[in-house]
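K.L.:
Coordinates for the following, if possible.
(one chain, ligands or ions: 1)
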Amino acid sequence: MTKVAFIGLGHMGGPMAANLVKAGHEVTGFDVAPPALEAAKANGVSIAASGADAAKSAEVVITMLVSGAQVLDVYPALLEAASPDTLFIDSSTIDVDSARKARELAVNAGHRGMDAPVSGGVMGAEAGSLTFMVGADASDFEQARPLLEVMGKKVVHCGDSGAGQAAKICNNMILGISMIAVSEAFVLGEKLGLSNQALFDVSSTASGQCWALTTNCPVPGPVPGSPANRDYQPGFAGSLMAKDLGLALEALQSTGTDAKLGTMAADIYRHFADEGGAGLDFSGIIKTIRENSGAK
Ligand code: NAD
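P.N.:
Alright, predicted model coming up:
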């Protein structure tokens, strides 16, 4: 049994904390939103009066917040309250520089720190089947692994501090670009008189095969479980894809990486999110491509 402080009990953090409780860990949580606290309490999480209050008796502190600014904002109080040598795990999706800064703050305060962002969405968080991408020292990784394995089905040690966030944004840049590519191909096929099913039958077993096509297919029909079959209800929301590609774009610029498609994908999803797609699954980008192509 590990004493865990869980800060940020939202869509992802709530079910992740609940899975730690189910596995027998003692979880004390905090969130600034009262409904998140109530849901966590119903799932067996002890509620603290503040983040610092939750951290003071914890062996491990997990944060699951939205942005790098939020993480760096809450860290000082948490670090000050925690006992020496507490392990800080940040599972938020944030920029690499903020992740490294958070770890540095933890180490300078006499603690240990790591980035461990996730993929798998809310369903993965509920099912305990997330993938964790971890940037950490080897010994810290080994200490965190049993806890992460409660919340996830796959835990990958990607390298030192920041490497987990680097893996997350690189993966999601592939995903964003490939969804646009698949959607453009379907719209072109439609305009050429090709049925969606025929294109799917060919590409799903040919060299165009990819997750955006075979699991999250942007047209209804070929993959019955894909969000296209339920009017693009997420799934993985356009707002989150826009956020992750924004982080990728920052990283492309700061490293001077020549990534024309990643840059365009960030621009395309920013417009998609701003113009009504924020709450739709990111595969809804096909509707924009159709509209821009003068198709129905
Ligand atoms: P969310 O907005 O539902 O949860 C964030 C929670 O943090 C909220 O409940 C908010 O009240 C709380 N919070 C904000 N400031 C706080 C503070 N100072 N102290 C305590 N609590 C505070 O977001 P989410 O969907 O759970 O996503 C969390 C992170 O996981 C994000 O970085 C997101 O990019 C990433 N992520 C989300 C998904 C997804 O499908 N939702 C998938 C993979 C990764």
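K.L.:
other SSEs contacting the helix-or-strand element of the chain with minimal mean pLDDT?
P.N.:
The weakest-scoring helix or strand in the chain, judged by mean pLDDT, DSSP states H and E, is helix 121-127 (a mean of 91). Secondary-structure packing of helix 121-127 (3 or more Cβ pairs under 8 Å, 6 or more residues apart in numbering; DSSP states H and E): helix 13-22. Placement of C-beta: from N, CA and C, glycine included.
K.L.:
what about the helix it packs on and the ligand, touching?
P.N.:
Yes: using Cβ under 6 Å from any ligand atom, we find that helix 13-22 touches the ligand at residue 13.
K.L.:
now that helix: how far from the chain's centre is it?
P.N.:
Centre-to-centre, helix 13-22 and its host chain are 16 Å apart (Cα atoms, centre = their mean, to the nearest Å).
K.L.:
cool, and stretch 52-60?
P.N.:
For stretch 52-60, the distance from its own C-alpha centre to the chain's C-alpha centre is 24 Å (Cα atoms, centre = their mean).
K.L.:
Can you show me the CA trace of that stretch as PDB?
P.N.:
Extracted in PDB, the C-alpha atoms of stretch 52-60 (Å, rounded to 0.1, in the frame of the first residue of the first chain):
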ATOM      1  CA  ALA A  52      -0.400  21.000   0.200                       C
ATOM      2  CA  ASP A  53      -2.700  19.300   2.800                       C
ATOM      3  CA  ALA A  54      -2.900  16.200   0.500                       C
ATOM      4  CA  ALA A  55       0.900  16.200  -0.100                       C
ATOM      5  CA  LYS A  56       2.000  16.500   3.400                       C
ATOM      6  CA  SER A  57       1.700  12.800   4.300                       C
ATOM      7  CA  ALA A  58       2.100  11.300   0.900                       C
ATOM      8  CA  GLU A  59       4.900   9.000  -0.400                       C
ATOM      9  CA  VAL A  60       4.000   9.800  -4.000                       C
END
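K.L.:
hang on, the earlier thing: please save the CA atoms from the least confident helix or strand of the chain in PDB.
P.N.:
The C-alpha coordinates for helix 121-127 follow below in PDB (Å, rounded to 0.1, in the frame of the first residue of the first chain):
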ATOM      1  CA  GLY A 121      -8.300   8.800 -23.100                       C
ATOM      2  CA  VAL A 122     -11.100   8.800 -20.500                       C
ATOM      3  CA  MET A 123     -12.100   5.200 -21.400                       C
ATOM      4  CA  GLY A 124      -8.500   4.100 -20.900                       C
ATOM      5  CA  ALA A 125      -8.400   6.000 -17.600                       C
ATOM      6  CA  GLU A 126     -11.600   4.200 -16.400                       C
ATOM      7  CA  ALA A 127     -10.500   0.800 -17.600                       C
END
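K.L.:
contacts for it?
P.N.:
With Cβ atoms under 8 Å, 6 or more residues apart in numbering as the test, helix 121-127 has contacts from 11-12, 14-16, 19, 118, 129-131, 151-152, 235-236.
K.L.:
residues contacting the closest residue to the ligand within the stretch 1-150 of the chain?
P.N.:
Residue of the stretch 1-150 of the chain nearest the ligand, by Cβ to the nearest ligand atom: residue 10 (1.9 Å). By Cβ under 8 Å, 6+ apart, the contact list for residue 10 reads 31, 33, 36, 64, 66.
K.L.:
for the third one, helix, strand, or coil?
P.N.:
Under DSSP: H, G, I helix; E, B strand; the rest coil, residue 36 falls in the helix class.
K.L.:
Roughly how far does it sit from residue 92?
P.N.:
As judged by Cβ to Cβ, to the nearest Å, residue 36 and residue 92 stand 15 Å apart.
K.L.:
neighbour count winner among these two?
P.N.:
A side-by-side neighbour count of residue 36 and residue 92, using other Cβ atoms under 10 Å, places residue 92 first with 25 against 20.
K.L.:
what about that one, distance to residue 65?
P.N.:
Residue 92 sits 5 Å away from residue 65, going by Cβ to Cβ.
K.L.:
Now do the SS call for the residue of the stretch 1-150 of the chain closest to the ligand.
P.N.:
coil.
K.L.:
for residue 6, same thing?
P.N.:
strand.
K.L.:
That one and residue 26, how far apart?
P.N.:
Taken as Cβ to Cβ, the span from residue 6 to residue 26 is 11 Å.
K.L.:
Show me which of these two is the more surrounded one.
P.N.:
Shown here are residue 6 and residue 26; by other Cβ under 10 Å, residue 6 has more neighbours (32 against 17).
K.L.:
ok, that one - contacts?
P.N.:
Contacts for residue 6 (Cβ under 8 Å, 6+ apart) come out as 13, 16-17, 20, 27-30, 40, 45, 54, 62, 64.
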